[in-house]
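Student: next input, structure requested:
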Amino acid sequence: MSKDSHPLLDTVAAMLGASPTPWDRVLEEVTRHFDCPVGTIHLLDATDGMLHLKAQRGLPPPVLDKVQVIPVGKGMAGIAAERKEPVQVCNLQTDDSGVARPGAKMTQMEGSVAVPILKEGEVRGTLGVAKPSAYDFSEQETDLLMAVGALLA
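Tutor: Presented below is the predicted three-dimensional model:
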């Protein structure tokens, strides 16, 4: 998929021209496109090497407390950052792979994917979206999320 071949990418690119970056609006656009009531954007802080929550949509307060700062390598976002590739769970409620943290069940979501935000192969953060029913995101959907991530970098 070429970077400029999708309306979502055009919309996100236009939003990123604003200063300061409207992270909440960007996330709202992405979650709406994928029909996901829940989403997060975490950015990597170079000083502590941790992922810090920059924007969220639909997270219940107990989960919000747990995802403010995420270590690389922990949970879906942290593993996506560590591996530099998408991490997906078809059903957070029944997942026993260890990829999803126990707090993820508190979202009441099932189908979930986290992708790294990469610039020239370097992790800048993560983007995650989730649906309330079991769902496997297609290769085209994860490619589009990766392309959005590249714009966010």
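Student: count of neighbours near the nearest residue to L51 once chain neighbours are set aside?
Tutor: Taking C-beta to C-beta, 6 or more residues apart in numbering as the measure, L51 lies nearest to H42, with 3.8 Å between them; neighbours along the chain are not counted. Any C-beta I mention is one placed from the backbone N, CA and C, and that applies to glycine too. Under the neighbour criterion other C-beta atoms under 10 Å, H42 is assigned a count of 27.
Student: and if you look at T94?
Tutor: Neighbours of T94 under the rule other C-beta under 10 Å: 11.
Student: wasn't it part of a strand?
Tutor: No: for T94, which was evaluated using DSSP: H, G, I helix; E, B strand; the rest coil, the result is coil, with no strand membership.
Student: go ahead and name everything in contact with the host helix or strand of Q88.
Tutor: Q88 is part of strand 87-89 when elements are defined by DSSP states H and E. Strand 87-89 is touched from outside by 76, 79-80, 95, 97, 99-100, 104, 111-115, 136-137, 142, with contacts defined as C-beta atoms under 8 Å, 6 or more residues apart in numbering.
Student: could you give the mean pLDDT of it?
Tutor: For strand 87-89, the mean per-residue pLDDT is 92.
Student: quick check: buried residues in it?
Tutor: Buried residues in strand 87-89, defined by neighbour count with 16 or more other C-beta atoms under 10 Å: V87, Q88, V89.
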